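**Student:** Curious how this folds, go ahead:
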Amino acid sequence: MVTAYVIAACRSPVAPRGGALSHLEIHALAGPVLRAALSQAGMNDSNVAEVIVSNALGAGGNPARIIALATGLPERIAGLSIDRQCAGGLDALLLARQMIRSGDADVIVAGGVESYSRRPVRMQTFADGRAPVAYDQAPFTPWPDRDPDMAQAADTLAQSLGITRKAQDDWAIASHAKALAYHPTPAEIVPIDGVTNDTFTRRLSPALCERAKAITGDITAANAAVAADGAAFCVVVSERVAARLSGPKVEIVAGATLGGAPDCPGLAPVAAITKIMAQTGLSPTDLTAAEIMEAYAVQAIACVRGAHIDPGIVNQGGGALARGHPIGASGAINAVRLFHDLQKKGGTGLAAIAAAGGIGTALLLRA
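**Tutor:** Numbers count the residues shown, from 1 in each chain. Predicted structure coming up:
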C-alpha cells in the first residue's frame, strides 16, 4: 500500500480570543500559513489535488473552498471542510493519508484554522415561533444528562482519578516554562501581520496559579487553555512524490479516531493511542516525542498516565496551556510541532487529542 509522508508543516502564532489576530477572518489567518507550507515543500499550486481544513466554530460555507480561493489556488480544487471539534486538525491529516494511500491524490494540504474572535453568533430556533436564543456550546450528544460542560467534565475526571489541583497547576507551570525555553525555527511559525510568536506564554508561578480564577472545582484559568485564534497546515504527499524530493520528510505511520464515553471526553485518546500502538507493534517506550493536547491540564495528565507515556518526552516545546486552544486548528498545531521535533531528533512521535462528545484521535509519525 502507498505510504504517505508529511514534507512540510507550519503554523501561525497562536493568540488568545480578542488578541493580536482577532481582526482576521479565517481565510486571512489560514492563507499565509497554507502558502508558506507549499513554499517549504517546493510544490507548485498545480500539484495540489485537495485542501482539507478542520474548522469547528464557523457557520458553514465550506471554509476549505474559501481558503483555497483566497490563497490563489486553482479553482478546480473543491476544498473539503470537516468538523470533529478539537480532533479535526489531526483528522484532516488522516483523511489526507487515506486519499493518498487509495491512489486518488499525490499532494494534499491538510490542517485546520479557528478564529474564536470572529466566530459567528449561533442561534437556536423554535418551531412555535419563539424568539431565537443564542448559544455558545453546541450539543455534543442527544442526551442532556450526558453532555456536560467541558470544564465540568475535566473536573469530574480529576476527581475520579485523584489528580489534585496542585498536580494540574504544576503541569501548567511546566508547559509555560517549556514554551519560554523553546525557540521555534522560521520554518515552524509563519508571522501573521507582524505577530511572530505565541502571545499568551508567560512565567507562570505557583503564586499566580493560587490566585487564578476558578472555573469549576479545581479547574481554573491557570490550568485550562484559553480560547484562541490560529491556523496550521501540513503538506502530505505520496511516496512517489517524496522520493524525488531532497527536503525533510516524515512518514505517517498510523492513525486512529475512536469514540468513547461522551460524558468523559478527556480519556478518549487513550483507546486511540492503544490501537495504533497495537497496529504497529510499538510500545510507548519506543516514542521519542509526544504532543498531547492540553485543553485542560488534567486531560493531558490522564492521557499520559493512561497510555503509559514518559512525561519527559511530552510537549517539549510547551503545549496548549502555554499557547491557547484554537479548536479546529489545535490537532494540526500538535502535528506541526511534532514534525519539527522529529526533524531535530529523529525517531517516532505521537500526537493525540480529545474532542467534545467523547472522541479521541491519535497519529504516529516517523522521521
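**Student:** Local confidence estimate at Pro142?
**Tutor:** On pLDDT, Pro142 comes in at 91.
**Student:** ok, it to Pro132 distance?
**Tutor:** 21 Å (Cβ to Cβ, to the nearest Å). In short, each C-beta sits where N, CA and C put it, glycine included.
**Student:** Give me the more crowded residue out of these two.
**Tutor:** Legend: neighbour count by other Cβ atoms under 10 Å for Pro142 and Pro132, higher for Pro132 (11 against 8).
**Student:** what about Cys86, distance to Arg101?
**Tutor:** Taking Cβ to Cβ, one finds Cys86 at 25 Å from Arg101.
**Student:** Also Gly42?
**Tutor:** Distance, Gly42 to Arg101, using Cβ to Cβ: 22 Å.
**Student:** between those two, which one's more packed in?
**Tutor:** Higher neighbour count among Gly42 and Arg101: Arg101, with 16 against 13, using other Cβ under 10 Å.
**Student:** which ones are touching that one?
**Tutor:** Listed by Cβ atoms under 8 Å, 6 or more residues apart in numbering, the contact set of Arg101 reads Met1, Val2, Thr3, Ala4.
**Student:** Find the nearest non-adjacent residue to the second one, please.
**Tutor:** Nearest in space to Val2, with sequence neighbours left out and distances taken as Cβ to Cβ, 6 or more residues apart in numbering, is Arg101 at 4.9 Å.
**Student:** now swap in the first one and tell me
**Tutor:** Excluding its sequence neighbours, the residue lying closest to Met1 (Cβ to Cβ, 6+ apart) is Arg101, at 5.5 Å.
**Student:** re earlier: with secondary structure, neighbour count and pLDDT added, can I get the contacts of Arg101 in CSV?
**Tutor:** Output for those, formatted as CSV (DSSP: H, G, I helix; E, B strand; the rest coil; neighbours: other Cβ atoms under 10 Å; pLDDT from 0 to 100):
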residue, secondary structure, neighbour count, pLDDT
Met1, coil, 6, 76
Val2, coil, 12, 84
Thr3, coil, 15, 94
Ala4, strand, 26, 97
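**Student:** What backbone torsions are found at Thr257?
**Tutor:** Per-residue torsions, Thr257: phi -130, psi 130 (degrees, to the nearest 10).
**Student:** Near the closest residue in space to it that isn't next to it in sequence, how many residues? Count them for me, please.
**Tutor:** The shortest distance from Thr257 to any residue other than its chain neighbours is 4.4 Å, reached at Thr361 (Cβ to Cβ, 6+ apart). Here the number of neighbours of Thr361 (other Cβ under 10 Å) works out to 30.
**Student:** so Thr361 sits in a strand?
**Tutor:** Yes - assessed with DSSP: H, G, I helix; E, B strand; the rest coil, Thr361 lies in a strand.
**Student:** Let me see the ranges of the strands in the protein.
**Tutor:** Using DSSP state E, the strands of the chain run over 4-11, 15-16, 50-54, 80-82, 107-115, 122-124, 133-135, 214-216, 219-220, 228-238, 250-259, 287-292, 348-355, 359-366.
**Student:** what's the first-to-last distance across stretch 256-265?
**Tutor:** Using Cα to Cα, to the nearest Å, the end-to-end distance of stretch 256-265 comes to 16 Å.
**Student:** Okay, now the unreliable bits of the stretch 1-150 of the chain?
**Tutor:** Residues of the stretch 1-150 of the chain meeting the criterion pLDDT under 70: 59.
**Student:** can we see that at 80?
**Tutor:** 1, 59-60 (pLDDT under 80).
**Student:** Take the contacts of Arg101 and write them to a markdown table, including distance to Glu114.
**Tutor:** A markdown table is the format used below for the contacts of Arg101 (distance: Cβ to Cβ, whole Å):
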| residue | distance to Glu114 |
| --- | --- |
| Met1 | 32 |
| Val2 | 31 |
| Thr3 | 30 |
| Ala4 | 24 |
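**Student:** any idea how far the residue nearest to Val2 lies from Ser238?
**Tutor:** Taking Cβ to Cβ, one finds Arg101 at 8 Å from Ser238.
**Student:** which residues do those two both contact?
**Tutor:** Common neighbours of Arg101 and Ser238 (criterion: Cβ under 8 Å, 6+ apart): Val2, Thr3, Ala4.
**Student:** In TSV: these, plus distance to Ile215.
**Tutor:** Compiled in TSV, the shared contacts of Arg101 and Ser238 are given as follows (distance: Cβ to Cβ, whole Å):
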residue	distance to Ile215
Val2	46
Thr3	43
Ala4	39
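**Student:** all helices of the chain, in order?
**Tutor:** 26-41, 63-70, 88-101, 150-161, 165-181, 206-211, 239-243, 268-280, 297-306, 320-323, 327-345 (DSSP state H).
**Student:** looking at those helices, which is closest to Phe200?
**Tutor:** With distances scored as Cβ to Cβ, the stretch of the helices of the chain nearest to Phe200 is helix 320-323 (6.1 Å).
**Student:** Any buried residues in that closest one, and which?
**Tutor:** Across helix 320-323, burial judged by 16 or more other Cβ atoms under 10 Å covers Ala320, Leu321, Ala322, Arg323.
**Student:** Lovely, talk soon.
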